[in-house]
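Colleague: Pasted the sequence and its predicted model underneath.
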Amino acid sequence: MPEHIRALFFILLMAGIGFTLSRKFIPGFIEGSSFTKRRNAWFFLTITAFLTANFWIYALMMFLYLSYSMRKENNYIALYFALLFVLPDSDAIVPGFGLINYLIGLSHQKLLVLFILLPAMLRSKSKKASSGNILPDKILLIYFAYLMFTYFRDTEFTNAIRYGVTTLITMVLPYYAISRHLRNPSEFREAILSLLIAMFVLASISALEFVKHWLLYPTIANAMDLSRGGSYLGREGMLRAMASTGSSIALGLTMTVGIGLFMYYQNVTARKSTIKHGWFALGVGQIAALSRGPWVGAILTIIAFIMTGKNHVRSMSKLLIIGIIALGVLSLTPMGQKIIDFLPFVGKVDNRNISFREQLITNSLITIQRNPLTGAADFQKYPEMQEMFNGVVIDITNTYLLLALSTGLIGVGLFVLFFALLARQILKSLKAIPDKSSEVHVLGRALFAAICGMMLIIGTVSPIGIIPTIYWAIAGLSAAYIRMVKADFAKPKLT
């Protein structure tokens, strides 16, 4: 039996468990029929991908299925989130003709943008937008224009067009579709819980990978001859799971964002009995990833959520006391000490990774000084970067450094400015909401917290796997939230 068929059996088993448990979360957030349709779509696409093992047949079946099912879909963004993790973000190459070797790379996530989000954006254009544009919209367009400049500067014309179309599909379209399609709390509620349920399923699959020491999704990436599907990484004899996210740290970042969004669910749901199950699922996903950057990001996410709420001083004091007691108890047992050794800053496991990152920052800063404003496509040729060659690649494990090296301070500055403006305008939105215990206020706190944790984590990893998809999706949700508050609360003016 082919390995990807055996993998399919275990994926369906764990996904079945994840979806069954997720039914407890939907009352008040998602209609049962909508949940069933999206769950069935997840199973249909997964089974189709693994049984056909052919990306183009899969793409055709996806198009036909979604074209039919979307006729009755009332929330395109919720459907997009529900299907986000069906397959890894691995490209199949669309062949070219004549002098063009290939046209573009397409992945499952790009197909979702073309088949779901593009129609969603066209549908939103037919409705009158009550809140207009916001400043982050303009910054994103400037950032896209600047990226196009670097593409034409660094490569030939056909490659520049190809990179531009890819960036349009992966960055611009998701942001604009999500930011304009969600207009009220009920739509947000449905979309966010759909994303959380997808994360719960992801966590259940990653738990099996962790226990069985077997990565399930690279099997289908190999069978489909896709560009990448992830590789095996271990830590202290344990496998670092990744499920369909493309890497263990991408799985950890996904779970961290899930923690931020789940704190919104926790504070507005009437079904308090489900809260422990959600925390358990997200915790399992974090542990299975064995990725310390996301652990720190998760802590920052929780802190950011607490600090934007009422009685934050008392809540932070409780959190600090619990943390100190937990570390003290863990240090008294052999198993606890082993857990502490995995923790960042205080642990002893893989300290060489910290040394590598410190050296990477030092050498990158020297290289950036050669082309500080606009960067250079060939930055890896410089001797400082060649020192970081590990025998296979020069692994730039820092999104900010990678942007600064390749697009200069202008590129990384626009990227940071975009997310900083979103975070700032969310905070201004929170001040504009009179009722600090309302669902809209809690939603803003959750989005702000997710941005904080996410932006910390990408400082420890390059934009690989599902990571860019996640941060552009959160950006779209944040912009939609700012518009919603701007439309409902006139003061202060948010521009």
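Modeller: Yes, it's here. Bear in mind that the values here come from a model prediction, so they are computed numbers and not experimental data.
Colleague: Do you have the helices of the stretch 251-400 of the chain handy? List them.
Modeller: 275-289, 292-307, 312-330, 334-342, 351-368, 383-386, 399-432 (DSSP state H, counting those that start in this stretch).
Colleague: lowest-confidence stretch among those?
Modeller: Note on the helices of the stretch 251-400 of the chain: lowest mean pLDDT is at helix 334-342, with a mean of 60.
Colleague: Show me where the stretch 101-250 of the chain dips below the pLDDT cut-off.
Modeller: 124-132, 229 (pLDDT under 70).
Colleague: As a check, name the ranges of all strands in the stretch 151-300 of the chain.
Modeller: Using DSSP state E, counting those that start in this stretch, the strands of the stretch 151-300 of the chain run over residues 234-235, 238-239.
Colleague: quick one, which of those strands is packed in tightest?
Modeller: Ranked by mean neighbour count under mean count of other CB atoms under 10 Å, the strands of the stretch 151-300 of the chain are led by strand 238-239, which reaches a mean of 16. Bear in mind the C-beta positions are built from the backbone N, C-alpha and C, glycine included.
Colleague: Could you tell me which residues within stretch 310-329 count as buried?
Modeller: By neighbour count on 16 or more other CB atoms under 10 Å, the buried set for stretch 310-329 is residue 315.
Colleague: that older thread, output the helices of the stretch 251-400 of the chain as JSON lines; include the columns distance to residue 95.
Modeller: As requested, those are arranged in JSON lines below (distance: least, CB to CB, whole Å):
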{"stretch": "helix 275-289", "distance to residue 95": "35"}
{"stretch": "helix 292-307", "distance to residue 95": "37"}
{"stretch": "helix 312-330", "distance to residue 95": "54"}
{"stretch": "helix 334-342", "distance to residue 95": "45"}
{"stretch": "helix 351-368", "distance to residue 95": "36"}
{"stretch": "helix 383-386", "distance to residue 95": "33"}
{"stretch": "helix 399-432", "distance to residue 95": "27"}
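Colleague: And these: which comes nearest residue 442?
Modeller: Of all the helices of the stretch 251-400 of the chain, helix 292-307 sits nearest to residue 442, with 8.9 Å by CB to CB.
Colleague: the inter-axis angle of that closest one versus helix 275-289?
Modeller: If you take axes from the mean of the first three to the mean of the last three CA atoms, to 10 degrees, helix 292-307 sits at 150 degrees to helix 275-289.
Colleague: which other residues reach helix 292-307?
Modeller: Residues outside helix 292-307 that contact it (CB atoms under 8 Å, 6 or more residues apart in numbering): 249, 252-253, 255-257, 259-260, 263, 286, 312, 315-316, 319, 342-344, 347, 445-446, 448-450, 452-454, 456-457, 459-461.
Colleague: at 7 Å what do you get?
Modeller: Helix 292-307 has contacts (CB atoms under 7 Å, 6 or more residues apart in numbering) with 249, 252-253, 255-256, 259-260, 263, 286, 312, 315-316, 319, 344, 445-446, 448-450, 452-454, 456-457, 460-461.
Colleague: just to revisit the earlier point, of all the helices of the stretch 251-400 of the chain, which lies closest to residue 160?
Modeller: helix 399-432 (13.8 Å).
Colleague: just checking, what packs against the closest one?
Modeller: For helix 399-432, the packing partners by 3 or more CB pairs under 7 Å, 6 or more residues apart in numbering; DSSP states H and E come out as helix 135-154, helix 351-368, helix 439-457, helix 467-488.
Colleague: before we move on, back to that, can I get the strands of the stretch 151-300 of the chain in JSON lines with distance to residue 469?
Modeller: Below are these laid out as JSON lines (distance: least, CB to CB, whole Å):
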{"stretch": "strand 234-235", "distance to residue 469": "25"}
{"stretch": "strand 238-239", "distance to residue 469": "24"}
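Colleague: To residue 189, which of those strands lies closest?
Modeller: Between the strands of the stretch 151-300 of the chain, strand 238-239 lies closest to residue 189; by CB to CB that is 35.6 Å.
Colleague: partner strands of that closest one, parallel or antiparallel?
Modeller: Strand 238-239 pairs in its sheet with strand 234-235 (antiparallel), by DSSP bridges.
Colleague: quick one: the strand it pairs with to chain centroid distance?
Modeller: 22 Å (CA atoms, centre = their mean, to the nearest Å).
Colleague: With stretch 166-185 instead?
Modeller: Distance, centroid of stretch 166-185 to centroid of chain: 14 Å (CA atoms, centre = their mean).
Colleague: What residues sit buried inside it?
Modeller: Applying 16+ other CB under 10 Å to stretch 166-185 flags 166-167, 169-183, 185 as buried.
Colleague: and if you look at stretch 259-279?
Modeller: Here stretch 259-279 shows 259-269, 274-275, 278 as buried, counting by 16+ other CB under 10 Å.
Colleague: Now the two most distant members of those residues.
Modeller: So, those by CB to CB: farthest apart are 260 and 274, at 17.5 Å.
Colleague: First-to-last residue distance for stretch 69-83?
Modeller: Using CA to CA, to the nearest Å, the end-to-end distance of stretch 69-83 comes out at 13 Å.
Colleague: so how far is that stretch off the chain centroid?
Modeller: 19 Å.
Colleague: Touching that stretch from outside, list them.
Modeller: With CB under 7 Å, 6+ apart, stretch 69-83 has contacts from 37-38, 41-42, 45, 112, 116-117, 119-120, 178, 181-182, 187, 190-191, 194-195, 197-198.
Colleague: Out of these, name the ones that lie in helices.
Modeller: 37-38, 41-42, 45, 112, 119-120, 178, 181, 187, 190-191, 194-195, 197-198 (DSSP state H).
Colleague: And the average pLDDT for stretch 41-50 is what?
Modeller: Here the average pLDDT along stretch 41-50 is 97.
Colleague: list the contacts for residue 63?
Modeller: residue 115.
Colleague: Name the helix or strand for it, please.
Modeller: helix 55-69 (DSSP states H and E).
Colleague: what's the average pLDDT for that helix?
Modeller: On average, helix 55-69 scores 94.
Colleague: Show the subsequent helix or strand relative to it.
Modeller: Taking DSSP H and E, what comes next after helix 55-69 is helix 76-82.
Colleague: which residues sit against stretch 190-197?
Modeller: 22, 25-26, 29-30, 38, 75, 77-78, 81-82, 182, 258, 261-262, 264-265.
Colleague: Assign the closest residue to residue 228 other than its chain neighbours to helix, strand or coil.
Modeller: With sequence-adjacent residues excluded and distances taken as CB to CB, 6 or more residues apart in numbering, residue 228 is closest to residue 90, at 5.2 Å. In three-state terms, and counting by DSSP: H, G, I helix; E, B strand; the rest coil, residue 90 is coil.
Colleague: Let me know how buried residue 90 is, in neighbour terms.
Modeller: 26 (other CB atoms under 10 Å).
Colleague: quick one: it from residue 36, how far?
Modeller: As for residue 90, its distance to residue 36 is 29 Å (criterion: CB to CB, to the nearest Å).
Colleague: can you check residue 254 too?
Modeller: Taking CB to CB, one finds residue 254 at 24 Å from residue 36.
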